[in-house]
Structure formats: C-alpha cells, structure tokens
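Trainee: any chance you could fold what I've pasted below:
(4 chains)
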4 protein chains.
Amino acid sequence: MKNSMFASCIQACSNCAMVCETCASACLREDDLKMMARCIELDRDCANICALAATLMSRESEYAKEFCAFCAKICRACGEECAKHQADHCQKCSKACVECAEKCEQMAA
Amino acid sequence: MKNSMFASCIQACSNCAMVCETCASACLREDDLKMMARCIELDRDCANICALAATLMSRESEYAKEFCAFCAKICRACGEECAKHQADHCQKCSKACVECAEKCEQMAA
Amino acid sequence: MKNSMFASCIQACSNCAMVCETCASACLREDDLKMMARCIELDRDCANICALAATLMSRESEYAKEFCAFCAKICRACGEECAKHQADHCQKCSKACVECAEKCEQMAA
Amino acid sequence: MKNSMFASCIQACSNCAMVCETCASACLREDDLKMMARCIELDRDCANICALAATLMSRESEYAKEFCAFCAKICRACGEECAKHQADHCQKCSKACVECAEKCEQMAA
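Mentor: Take a look at the predicted model:
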C-alpha cells in the first residue's frame, strides 16, 4: 500500500514537472530571452525527470528510490537557476523545485 | 494567463496518469491476471496520453485543446473497462478516468 | 505481426523525436535566440508527440492510427517553421519532420 | 558536436525503448500471462528509462552520462528476465536490452 510519504512525493514531482513546463514556455516569451537560455535548458530536463520519478513511484517500481535521488539533484540545480530570475514563473518554479528536491531526498534516504 | 479551467484540467490529467500507472501495476499482481489484460493495456495508453495532455496544457500549447479531445476518448474507454472490475485500484482508476474525461471534454469544447 | 509500414513509421517518429530534441537544444545556443523561440516551442511539442506516436505503434495500440493523424499535423507545422532557418540543425529537423509527416499520413489513411 | 558513440547509444536506447513496449504488449497476449508479469513490469520501466536516456543524449544534457549509468542497470535486469522466456518477443527484447546496456556502460564510463 502506498503511504503518505509516497503520495506527497508523487504530488511534488508531478507538480514540479508541470511548473517546469510552464516556466520553460514563459521563458520563451520573455524579452531578454538570451538570459533565460540556461533556465529553459534545466526546465526541460527537470520536467522530464520529475515526471518519470512520479511515474516510477506510482508503479511502486523497485527503481523509484534510486531515481528520486537522481531527481533531487536536477531539482536542486533547476531551483538554483530559477531563483536568479525575477519573473513570477521562475520564482514559482524555483519554489516547486526546492520542495520536490526535499521530498525526493527524503524518499531516497 | 492560465485560468482555473486549465488548472483543474491539468490536475485531472496528471492525477489520472498516475492512477492509471498504479492500476496497471496493481493489476499485474492480481491472481486472475488474464482477466486484467485489457485493463492493463488501456491503463498504459491512458497514462501516457493523460500525461502528455497535462504537459501540453502546462505549456499553453496551441495543440492542447485538440489533444484534450483525443484524451477524453481514451479516458472514457479506460474508465469503462476499469468499472467492470471490483478491485479498489480499478474502481479508483475508473473514477479518475471519468473525471478526467469530463474536464478534457470541457477543455476541448 | 508488425509489418514494414509500421516499422518504418515507428522509425520515422523515433528519429523525428530525437532530431527535434537536438534542434531545440541547438536553437537555445544560437546568438539570435529571439528568432528561434517559435522553433523551440514547436520542437518541444513535436518531440513529445512523435515519441508517443512511436510508443503507441510499438504497442500495436488501437489508438495508434488516430494518433498518427494528429502527429502528422504537428510535424507539418514544425517542418515548415524549421525550414525558415538556415542553421544545419533546423534544416535537418525540417527534413525529419516532413519525412515523419508523410509516414504518419500513410499510417492514418 | 555529437560523435558516433553518442549517435549509436541514442539509437540503442530508442530501439530498446520501442522493443520493450512491444514485448510488454505481446506478453499481455500470452496464454500463461502470470509467468510474464515480472517481464511486463520490467519492460515498462526499461522502456521509459531508455526513452529518457535517448532524449537527454539528444539534448546533449549534462545529466546524460549519469542517466546512462542508471539506464544500464535496468537494461541488465530486463535483459536477464526476458532471456528466461522462449517467446520471440522476449528473446528479441533481451538482445536489445543487452546491447543497450553495453552502449550505456560505455557512455557512462
């Protein structure tokens, strides 16, 4: 049976994946697009890795925990990059990434 | 800007994707596995299509609405199949599919 | 059993998905990034939709053909946008998109 | 620039992802479905992890190499499980998994 730690990590990963997709698209509409290139790059990887982490946990896959350890790393990197930018979508994304990193680190521990 | 209809459809699709992944895995552990084959088959497709629907909406993609119309169809099919089975995971999945179908139909309208 | 039309469409979709991912990343490193924003946006959607088309066909899903019809549309749009740009990665991507669109249209017919 | 080692690992991962999807679907149609449950379970994870490995390499992501090390592990596990079954789809899948594991191990080295 899936316990509450699993459920809250799945939720954090699913949310982070969607927020990263939104952030990447919003970055692409910014005037100073050049400044956002690194953010878009990390958003893309973070979105896909979080989505797969949520999927593996939902399946109760034996690979879920190890995957969460990996997911935490990209979330930390993406969270740090997004924190540098003032735009709302970046600030929101940074928050989602940090929250997801914390949940994934607990899961992997 | 993303309105509340978008937000609730993204949430329904993300949730349905995860519930379908859980259902497929739980079906694989059932004693009468043969009876669950069709359910697993639909769960797999429904999970991936819902996940991509959520992704396209999060991006505010111009293809999101048309994709939601397609997503609604597979959700209806998966919801009907899951409704036939007594297992908790199937009943829960059927509910998530029907809810997702309704949100996607509104989005596509 | 999977026939040669299926195999060649799966191959075209898998290839197009990867070429679109490469094109989006290469666009992000271009000097005139602003000019590439629309290309990146379409590359992202096209990559995910082609990847799922290949997945559904590999599964022999009953939804594969209808999905290919949808996939062809985004491939046509992405192929046209990429064709406007001189960069090698865009020219290569445009070619992969057109090839994929043709295979998907045959599959959907 | 993408060298030939990258190209052949992307190809092996894309191929393995599709072959695992096909194997899972074919397993679901086997008479002795119970015997195939573990195979289907590993096929599902292996397919998604290989697909993301191919995606990250196509993007020239800085996370690609570490991801390939992880991908190699699940390919080894899936390759061993599939090798136990006589069905053509399992034998073909086992071969694709071993080939993919080898390429990913070289990439990660």
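
Trainee: what's the spacing between the one helix or strand A:Met57 maps to and its chain's center?
Mentor: A:Met57 belongs to helix A:37-58 when assigned by DSSP states H and E. Distance, stretch centre to chain centre, for helix A:37-58: 5 Å (Cα atoms, centre = their mean, to the nearest Å).

Trainee: pLDDT value on A:Met1, please?
Mentor: Confidence at A:Met1, expressed as pLDDT, is 38.

Trainee: tell me which other helices or strands the lengthiest helix in chain A touches.
Mentor: Using DSSP state H, we find that the single longest helix of chain A is helix A:4-28. Under the contact criterion of 3 or more Cβ pairs under 8 Å, 6 or more residues apart in numbering or on different chains; DSSP states H and E, helix A:4-28 touches helix A:37-58, helix A:64-83, helix A:88-108, helix B:4-28, helix B:33-58, helix C:37-58. Any C-beta I mention is one placed from the backbone N, CA and C, and that applies to glycine too.

Trainee: quick one: the first one to helix A:4-28, angle?
Mentor: Right, helix A:37-58. 150 degrees (axes from the mean of the first three to the mean of the last three Cα atoms, to 10 degrees).

Trainee: mind checking if helix A:37-58 is in reach of chain B?
Mentor: Yes. Interface with chain B: helix A:37-58 contributes A:Ala47, A:Ala51, A:Ala54, A:Thr55, A:Ser58 (Cβ under 8 Å from any Cβ of the partner chain).

Trainee: now those as TSV including neighbour count?
Mentor: Converted to TSV, the residues of helix A:37-58 next to chain B look like this (neighbours: other Cβ atoms under 10 Å in any protein chain shown):
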residue	neighbour count
A:Ala47	26
A:Ala51	26
A:Ala54	29
A:Thr55	26
A:Ser58	25
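
Trainee: restrict those to contacts with chain D.
Mentor: Among the residues of helix A:37-58 next to chain B, the residues that sit close to chain D (Cβ under 8 Å from any Cβ) are A:Thr55.

Trainee: of the residues of helix A:37-58 next to chain B, closest to chain D?
Mentor: Nearest to chain D, judged by Cβ to the nearest Cβ, of the residues of helix A:37-58 next to chain B is A:Thr55 at 6.5 Å.

Trainee: ok, back up a step: of the helices and strands packed on helix A:4-28, which is nearest D:Ala12?
Mentor: Nearest to D:Ala12, of all the helices and strands packed on helix A:4-28, is helix C:37-58, at 15.2 Å by Cβ to Cβ.

Trainee: mind listing what A:Asn15 touches?
Mentor: A:Ala96, A:Glu99, A:Cys100, B:Ser14 (Cβ atoms under 8 Å, 6 or more residues apart in numbering or on different chains).

Trainee: can you list the low-confidence ranges for chain A?
Mentor: A:1-2 (pLDDT under 70).

Trainee: what does chain A put close to chain C?
Mentor: Applying Cβ under 8 Å from any Cβ, one finds that chain A approaches chain C through A:Ala24, A:Ser25, A:Leu28, A:Arg29, A:Leu33, A:Lys34, A:Ala37, A:Ile40, A:Glu41, A:Arg44.

Trainee: give the PyMOL command for selecting the buried subset of the residues you listed.
Mentor: Listed next is the PyMOL selection for buried residues among the residues of chain A next to chain C, using 16 or more other Cβ atoms under 10 Å in any protein chain shown:
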select buried, chain A and resi 24+25+28+33+37+40+41+44
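
Trainee: for the contacts of A:Asn15, which two are the farthest from each other?
Mentor: Most distant of these, by Cβ to Cβ, are A:Glu99 and B:Ser14, 15.7 Å apart.

Trainee: ok, the two, which is more surrounded?
Mentor: With neighbours defined as other Cβ atoms under 10 Å in any protein chain shown, A:Glu99 and B:Ser14 compare such that B:Ser14 has more, 26 against 19.

Trainee: pull the contacting residues for that one.
Mentor: Contacts of B:Ser14 (Cβ under 8 Å, 6+ apart): A:Ser14, A:Asn15, A:Met18, B:Cys50, B:Ala51, B:Ala54.
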